[in-house]
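Peer 1: attaching a predicted model along with its sequence, questions to come.
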Amino acid sequence: MQAEIRLERRDVVAVITLNRPDSLNAVNRAMREGLITTLAQVNADAGVRAVVITGAGERAFCSGQDLAESMQYTIDDVDQWLTRQHAMYQAVRDLDKPCVVAWNGVAAGAGYQIGLCADLRVGYPDMKLGQPEIKAGLASIVGSYLMTLHLPLSLNQQMSITGELISGQRGYEIGLLNYLVPREQVLEKALAVASELTRIGATALRLTKRRFRELTQPGFDAALAAAMQIQKEAYRSGEPQAAMQRFFEARTKKTPS
């Protein structure tokens with residue numbers, strides 16, 4: 001059985017790969033816990049000076065939460081699920097070393113939010129990214145908060161309320177992507193940016209990142225608290241379960257027997 005997270009070293013840069021390509025690298029419990037553990041490991045490793053996060057396969061960086069898992073959740077599961085999801089995002093935010101995300105395919109929902117928690121993002125023009133939770137019957141809470149750090153209110157509302165994915169080109173134009181390159185150069189560019197950042201003083205980087213974290217932590221924590229209450233209300237309505245069931249039924253019809 002393959003590990004949901006792969007870790008390799010490129011000199012002083014740690015490359016973390018989300019490794020469920022057959023499921024578009026969707027986040028399940030094992031991937032979530034694996035990412036939390038791996039990020040803590042590289043943060044504590046003095047030999048690592050920068051981190052790159054990417055996805056396995058050709059189709060997706062991360063398509064979001066694994067709906068096969070979340071479809072099974074009840075109201076009683078929401079607190080634990082979101083607490084661990086919060087811990088995953090916090091583990092990205094807690095990195096003292098620069099973190100560059102290589103969006104090498106679709107970055108939706110949790111995959112999009114992992115990228116927004118990182119320092120810099122690399123993608124390509126025709127990739128798709130965004131916040132589609134509302135189409136799965138879930139309110140956009142933590143994602144919409146993270147977008148306040150990057151987007152004006154009108155664009156945040158458009159992406160949160162419609163759930164539509166935008167192109168990498170559009171994401172670059174509105175400031176979500178820092179670097180836009182041809183698809184085959186995404187990881188190479190992310191590694192080059194990370195390598196360049198290792199030449200900057202580690203203490204200055206750590207302190208700068210710490211200050212950004214201090215500025216945004218209250219809002220991030222408030223978003224989690226709100227999400228726990230609001231998603232319980234969503235599950236109580238039955239909309240997430242129904243939306244996810246429709247998704248699986250549609251996918252089954254498309255799958256050849």
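Peer 2: In hand now; what should we look at?

Peer 1: elements contacting the strand or helix carrying Leu82?
Peer 2: Following DSSP states H and E, one finds Leu82 within helix 78-93. When contacts are defined as 3 or more CB pairs under 8 Å, 6 or more residues apart in numbering; DSSP states H and E, helix 78-93 sits against helix 29-44, helix 110-117, helix 142-148, helix 202-237. C-betas here are computed from N, CA, C, even on glycine.

Peer 1: contacts for that helix?
Peer 2: Contacts to helix 78-93, defined as CB atoms under 8 Å, 6 or more residues apart in numbering, come from residues 27, 29, 32-33, 35-36, 39-40, 53, 65, 70, 73, 99, 110, 113-114, 117-118, 142, 146, 213, 216, 220, 224, 227-228, 231-232, 235.

Peer 1: buried ones among the residues you listed?
Peer 2: Among those, the ones that count as buried by 16 or more other CB atoms under 10 Å are 27, 32, 35-36, 39, 53, 65, 70, 73, 99, 110, 113-114, 117-118, 142, 146, 216, 220, 224, 227-228, 231-232, 235.

Peer 1: give me the residue at the spatial middle of this structure.
Peer 2: In the chain, the centroid-proximal residue (CA atoms, centre = their mean) is Ile114; its distance is 2.3 Å.

Peer 1: which residues does it contact?
Peer 2: Per CB under 8 Å, 6+ apart, neighbours of Ile114: Ile53, Cys62, Met88, Tyr89, Val92, Val101, Ala107.

Peer 1: 7 Å - rerun?
Peer 2: Listed by CB atoms under 7 Å, 6 or more residues apart in numbering, the contact partners of Ile114 are Ile53, Cys62, Tyr89, Val92, Val101.

Peer 1: so which strand or helix has Arg199?
Peer 2: Arg199 belongs to no helix or strand, assigned by DSSP H and E.

Peer 1: so how far is Pro98 from it?
Peer 2: 11 Å (CB to CB, to the nearest Å).

Peer 1: show me where pLDDT drops low in the protein?
Peer 2: Across the chain, residues meeting the criterion (pLDDT under 70) sit at 1-2, 251-257.

Peer 1: make it 50
Peer 2: Scanning the chain for pLDDT under 50 picks out the ranges 1, 257.

Peer 1: Arg199 and Pro98: which is more packed in?
Peer 2: Per other CB atoms under 10 Å, whichever of Arg199 and Pro98 has more neighbours is Pro98, with 24 against 8.

Peer 1: the more buried one reaches Asp119, doesn't it?
Peer 2: Yes: the pair formed by Pro98 and Asp119 meets the contact definition of CB atoms under 7 Å, at 5.3 Å.

Peer 1: return the residues in contact with the residue lying closest to Val106 once chain neighbours are set aside.
Peer 2: Leaving aside its sequence neighbours, Val106 sits nearest to Ala60 (CB to CB, 6 or more residues apart in numbering; 4.2 Å). For Ala60, the contacting residues are Leu24, Asn25, Gly105, Val106, by CB under 7 Å, 6+ apart.

Peer 1: host element of the residue nearest to Ser144 when sequence neighbours are not counted?
Peer 2: Once flanking residues are discounted, Ser144 sits nearest to Ser160: 4.4 Å by CB to CB, 6+ apart. In this structure, Ser160 sits in helix 153-162 according to DSSP H and E.

Peer 1: who are the packing partners of that helix?
Peer 2: helix 142-148 (3 or more CB pairs under 7 Å, 6 or more residues apart in numbering; DSSP states H and E).

Peer 1: need the contact list for Gly201.
Peer 2: No contacts exist for Gly201 under CB under 7 Å, 6+ apart.

Peer 1: ok, now how distant is it from Pro98?
Peer 2: Separation of Gly201 from Pro98 (CB to CB) stands at 12 Å.

Peer 1: over to Ile161?
Peer 2: 33 Å.

Peer 1: Gly175 too?
Peer 2: 18 Å.

Peer 1: that older thread, and of the contacts of Ala60, the nearest to Val193?
Peer 2: Gly105 (18.5 Å; CB to CB).
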